[in-house]
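J.: this one's sequence-less:
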DNA sequence: CTTTATCCGGATAAAAGATATCCGATTAAG
DNA sequence: CTTAATCGGATATCTTTTATCCGGATAAAG
């Protein structure tokens, strides 16, 4: 079970484009340079964020990406779903219906106990991610960082933004 | 993010071999037939359970698999770790150290806030799975099943066990 | 209008991981 | 000792993830 790298990438990217002033954007090339990531693949990931309504894009010269919502309206769960899709990790194939002692389909309206247990665990996972907004992540990061480093980032964003 | 099928398979298998009387085992072929699964691949998954100390195997004629521990000592988390390995789903590649505003490695003793948030979510997931033992799953299943079906399964296990 | 910068989507390809199979090694039983 | 049953590791196939490239659309700037 592995989470796509795109989740790490786009989450970090969101914490950067959240710093943009109103109406400005950052190009994929700039973002890829900021984190030393492959630009073409990062572009694909950002498109997924746009489709999910998390980011906006502006085409053409001077265009780029910015957030489509306020940072306190975007949760880590939103980003995970945007990149990985909404389907749960545990896939129940109903093998209790198979074999010599298999149940009839009509007896299987409720999920089996195993599927239910995994569903509950995934719900706990999603709830934890849902409780973390981009804003809360950025606030924590600010508290663990230095003023110098934050100024460095803010300066870079301002220089690169269009 | 997908969980391997082997997790569903081996968890169901564990609820069956838990019914074996002392000293008996069930062959992979029998278990594969019981759930209509590909025997060779199920065999591989069962090997993972054995390496993890969840199941025991006996080779040769009359051999097979049985549990290596009491059902109330085996949790769903144990099975997940046996099949998927212990590494977390979120892989932090420390991209905060990259690029023009990258941090020095010496400044990165603590995990970044994003990695920490995902680690906390995974911990919630693992805790939920750890709270479910094989025994508790089997008890729930028994309450939602009929005496007839349970007898059917018990009879099959007894006939196939060696 | 032309040039330049940028996103968008599709085609493609390489790498990794999940899925599946085969056959040799091992052991009980006759 | 031979046979049949069974596990165990090596191998092969398929799917997903990761990654690249390019032509097209779009928009700002000269």
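T.: Everything's here; your move. Note that the structure is a prediction, hence the values are computed from the model and not measured.
J.: Chain A: helices as residue ranges?
T.: With helices called from DSSP state H, chain A shows them at A:5-17, A:28-35, A:39-51, A:76-84, A:113-130, A:134-144, A:147-160.
J.: Those into JSON lines, with extra columns for mean neighbour count and distance to residue B:66?
T.: From N, CA and C alone the C-beta is placed, and that goes for glycine too. Formatted as JSON lines, the helices of chain A follow (neighbours: other Cβ atoms under 10 Å in any protein chain shown; distance: least, Cβ to Cβ, whole Å):
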{"stretch": "helix A:5-17", "mean neighbour count": "22", "distance to residue B:66": "40"}
{"stretch": "helix A:28-35", "mean neighbour count": "20", "distance to residue B:66": "50"}
{"stretch": "helix A:39-51", "mean neighbour count": "16", "distance to residue B:66": "46"}
{"stretch": "helix A:76-84", "mean neighbour count": "21", "distance to residue B:66": "37"}
{"stretch": "helix A:113-130", "mean neighbour count": "19", "distance to residue B:66": "19"}
{"stretch": "helix A:134-144", "mean neighbour count": "16", "distance to residue B:66": "47"}
{"stretch": "helix A:147-160", "mean neighbour count": "14", "distance to residue B:66": "57"}
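J.: As CSV, the ones you listed with distance to chain B would be great.
T.: Listed next are those as CSV, based on distance: least, Cβ to the nearest Cβ, whole Å:
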stretch, distance to chain B
helix A:5-17, 5
helix A:28-35, 5
helix A:39-51, 11
helix A:76-84, 5
helix A:113-130, 4
helix A:134-144, 4
helix A:147-160, 5
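J.: Dump those to TSV, plus distance to DNA strand C.
T.: Formatted as TSV, the helices of chain A follow (distance: least, Cβ to the nearest atom of the strand, whole Å):
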stretch	distance to DNA strand C
helix A:5-17	10
helix A:28-35	4
helix A:39-51	5
helix A:76-84	13
helix A:113-130	14
helix A:134-144	19
helix A:147-160	8
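J.: Could you export the ones you listed as TSV, including mean pLDDT and distance to residue B:17?
T.: Output for these, formatted as TSV (pLDDT from 0 to 100; distance: least, Cβ to Cβ, whole Å):
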stretch	mean pLDDT	distance to residue B:17
helix A:5-17	96	37
helix A:28-35	95	48
helix A:39-51	95	42
helix A:76-84	96	34
helix A:113-130	97	15
helix A:134-144	97	45
helix A:147-160	95	56
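J.: Make a markdown table out of those and add distance to residue B:156.
T.: Below are those laid out as a markdown table (distance: least, Cβ to Cβ, whole Å):
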| stretch | distance to residue B:156 |
| --- | --- |
| helix A:5-17 | 44 |
| helix A:28-35 | 56 |
| helix A:39-51 | 47 |
| helix A:76-84 | 39 |
| helix A:113-130 | 19 |
| helix A:134-144 | 52 |
| helix A:147-160 | 64 |
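J.: Of those helices, which is nearest residue B:12?
T.: Proximity to residue B:12, assessed across these by Cβ to Cβ, is greatest for helix A:113-130 (6.5 Å).
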